[in-house]
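Engineer: curious how this folds, go ahead:
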Amino acid sequence: MNKKSNVVQQKNQPLGFDLKKIRNDFPILHQIINGKPLVYLDNAATSQKPKNVLDAIEKYYREYNSNIHRGVHTLSENATEAYELARLKVKNFINAQSNKEVIFVRGATEAINLVAQSFGRNSLNENDEIIITELEHHANIVPWQLLSEQTGATLKFIPINDNGELIIEEYKKLLSKNTKIVAVGHISNALGTINPIKTIINMAHEYEAKVLIDGAQATSHISVDVQKLDCDFYAFSGHKIFGPTGVGILYGKEVLLEKMPPYQGGGDMIKMVTMMETQYNDLPYKFEAGTPNISGAIGLGAAIDYVNEIGLENISQYENELLNYANQLASEITGLKFIGTAKQKTSILSFTLKGIHPHDIGTILNNEGIAIRTGHHCAMPVMEHFKIPATSRASFAFYNTHEEIDVLIKAIDKCKKVFN
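Structural biologist: Below you'll find the model as predicted:
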């Protein structure tokens, strides 16, 4: 099997894609877990960080650690320059029109909550409707449930079929003149389904509804152009795209952000404060109260540099090859059932194994040095649809190998032997 996988890897590796060099860029991958080489297949939960990201964060703390925007001394000026350069990198990465449209937040979750509370709470009433999907991560469900409770707006959802795909015909039926917000994940974290978000956005705009896209699972796998998509808001997290935890991005169209009130109050989101009133700062700072995660923003900028250097087209091509290889081998395992078989999907293998609970699978695989995710993946409605409590989820990144998939398949076979 190893011999076979080497042939596949050499044949299908994108031109200029140096897997050996890439793996050497990620120090954490080169360690022993339970006496076995680490096989990290939990990338949908969080990705690992290349050396250039680690170095950028360390350099900030070693050489120019300081608060930003407020200081006239050299350290503050250097920190401010690096922080705003990271914003520019994000702007170019997603093709926003302006730096004003790029807001640093703690992650995709905070970005979604910001839109729900600042835009939604100030514009919706009991006659309005919000549409989400059955496929969503809890972070793109709960904020809209809260908003529905606060405003009286009705919350509806687009169902999925048994392949884990949105039923667009049902979405069409849900849309009406009362639809004000549509919030949809770009890629499902539980199943890997790539949603037809351009179609979803266009249909919503026919009714003048605003659209938020949760891109937490997308930006590390596929190119995102917010202007081509014409989405009103786009959210993603740094730690899913090989950057640090605790930092993320909210993109919003400038015309909408200008009208939205601040989400939080405090330093840097103000122009002037008296005991009677406050004048708010310009975009994007109006939404960045307090000392931000400066090192996180700098690290995210470095992660974007790294992804750009490899190329998302190369990443997507290689990861699709990994997924196809994993699917081929997994399909030969008796009792293994794929959960999520969408025609358009990214590098997630979500499955159940007859007679074995996913948590037991995860434990046995961990003993073999393999890190996967087991559980409901913060997507309980998805599990409810498939009438299962949980799945085992192996999620691949461009630093994974065909040999690691061989190890995964062998370990799944071991699970069956243990329980039989």
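Engineer: how about the strands of the stretch 151-300 of the chain, start to end?
Structural biologist: Taking DSSP state E, counting those that start in this stretch as the test, the strands found in the stretch 151-300 of the chain are 154-158, 179-185, 210-214, 233-237, 248-252, 270-273, 278-280.
Engineer: what residues does the longest helix seen in the chain touch?
Structural biologist: Secondary structure assigned by DSSP state H gives helix 74-94 as the longest helix of the chain. Under the criterion CB atoms under 8 Å, 6 or more residues apart in numbering, residues 60, 63-71, 96, 98-99, 101-102, 104, 219, 224-226, 234, 249, 251, 284, 292, 294, 297-298, 300-301, 304-305, 307-308 lie in contact with helix 74-94. (Each C-beta comes from the backbone N, C-alpha and C, glycine too.)
Engineer: list the buried ones in that helix?
Structural biologist: For helix 74-94, a neighbour-count test (16 or more other CB atoms under 10 Å) marks 76, 78-80, 82-83, 86-87, 89-91, 93-94 as buried.
Engineer: and for stretch 37-50?
Structural biologist: Here stretch 37-50 shows 38-44, 47-50 as buried, counting by 16+ other CB under 10 Å.
Engineer: burial of Gly301, as a residue count?
Structural biologist: 25 (other CB atoms under 10 Å).
Engineer: which SSE is immediately downstream of the helix or strand where it lies?
Structural biologist: Here Gly301 sits within helix 294-310, counting by DSSP states H and E. As assigned by DSSP H and E, the chain's next helix or strand after helix 294-310 is helix 312-330.
Engineer: strand partners (parallel or antiparallel) of the next helix or strand after that following helix?
Structural biologist: Going down the chain from helix 312-330, the next helix or strand is strand 336-338, by DSSP H and E. Strand pairing for strand 336-338, using DSSP bridges, gives strand 348-353 (antiparallel).
Engineer: quick one, the partner strand and helix 312-330 angle?
Structural biologist: Going by axes from the mean of the first three to the mean of the last three CA atoms, to 10 degrees, strand 348-353 is angled at 20 degrees with respect to helix 312-330.
Engineer: now strand 348-353: mean pLDDT?
Structural biologist: For strand 348-353, the mean per-residue pLDDT is 97.
Engineer: between the buried residues of stretch 37-50, which is closest to Lys198?
Structural biologist: Set against Lys198, the nearest of the buried residues of stretch 37-50 by CB to CB is Ala44 (22.6 Å).
Engineer: and stretch 383-401, how far apart are its ends?
Structural biologist: With CA to CA, to the nearest Å as the measure, the first residue of stretch 383-401 is 29 Å from its last.
Engineer: for that stretch, buried residues please.
Structural biologist: 383, 385-386, 390-401.
Engineer: just those: which are in strands?
Structural biologist: Residues of the buried residues of stretch 383-401 located in strands (DSSP state E): 391-395.
Engineer: nearest to Gln279, of those?
Structural biologist: Checking those one by one against Gln279 (CB to CB), the nearest turns out to be Ser395, at 45.8 Å.
Engineer: and that closest one, bridged to which residues?
Structural biologist: Residues in beta-bridge contact with Ser395 (DSSP bridges): Asp42, Ile348.
Engineer: state the distance from it to Glu169.
Structural biologist: Going from Ser395 to Glu169 by CB to CB, to the nearest Å gives 30 Å.
Engineer: with Phe119 instead?
Structural biologist: In terms of CB to CB, Phe119 sits 28 Å off from Glu169.
Engineer: more crowded one of those two?
Structural biologist: The residue with more neighbours, out of Phe119 and Glu169, is Phe119; 24 against 8, by other CB under 10 Å.
Engineer: residues contacting the more buried one?
Structural biologist: Contact analysis of Phe119 by CB under 8 Å, 6+ apart lists 181, 210, 233, 256, 260.
Engineer: now with 7 Å, please.
Structural biologist: Phe119 makes contact with 256, 260, according to CB atoms under 7 Å, 6 or more residues apart in numbering.
Engineer: how about the secondary structure of it?
Structural biologist: Following DSSP: H, G, I helix; E, B strand; the rest coil, Phe119 is assigned to helix.
Engineer: and the strands in the stretch 1-150 of the chain?
Structural biologist: Remark: strands assigned in the stretch 1-150 of the chain by DSSP E, counting those that start in this stretch are 32-33, 36-37, 39-40, 102-105, 129-133.
Engineer: now do the third one, average pLDDT.
Structural biologist: Strand 39-40 comes out with an average pLDDT of 98.
Engineer: in its sheet, which strands sit next to it, and in what direction?
Structural biologist: Strand 39-40 pairs in its sheet with strand 370-371 (parallel), by DSSP bridges.
Engineer: got it, and the second one?
Structural biologist: Within its sheet, strand 36-37 is paired with strand 32-33 (antiparallel), according to DSSP bridges.
Engineer: what lies in contact with the partner strand?
Structural biologist: The contact list for strand 32-33 (CB under 7 Å, 6+ apart) reads Gly369.
Engineer: same thing with stretch 394-403?
Structural biologist: Residues outside stretch 394-403 that contact it (CB under 7 Å, 6+ apart) are 2, 5, 8-9, 19, 22-23, 26, 29, 41-44, 47, 310, 315, 318-319, 322-323, 325-326, 347-349, 372, 408.
Engineer: repeat that with 8 Å
Structural biologist: 2, 5-6, 8-9, 17, 19, 22-23, 25-26, 29, 39-45, 47-48, 192, 220, 310, 314-315, 318-319, 322-323, 325-326, 347-350, 372-373, 405, 408.
Engineer: now those: which count as buried?
Structural biologist: Using 16+ other CB under 10 Å, the buried ones in the contacts of stretch 394-403 are 5, 8-9, 17, 19, 22, 25-26, 29, 39-44, 47-48, 192, 220, 310, 314-315, 318-319, 322-323, 325-326, 347-350, 372-373, 405, 408.
Engineer: follow-up on the earlier one: now do the buried residues in the helix holding Gly301.
Structural biologist: 294-307, 310.
Engineer: reformat the buried residues of helix 74-94 as a markdown table; add pLDDT.
Structural biologist: Shown next, in a markdown table, are the buried residues of helix 74-94 (pLDDT from 0 to 100):
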| residue | pLDDT |
| --- | --- |
| Ser76 | 96 |
| Asn78 | 97 |
| Ala79 | 97 |
| Thr80 | 97 |
| Ala82 | 98 |
| Tyr83 | 98 |
| Ala86 | 98 |
| Arg87 | 98 |
| Lys89 | 98 |
| Val90 | 98 |
| Lys91 | 98 |
| Phe93 | 98 |
| Ile94 | 98 |
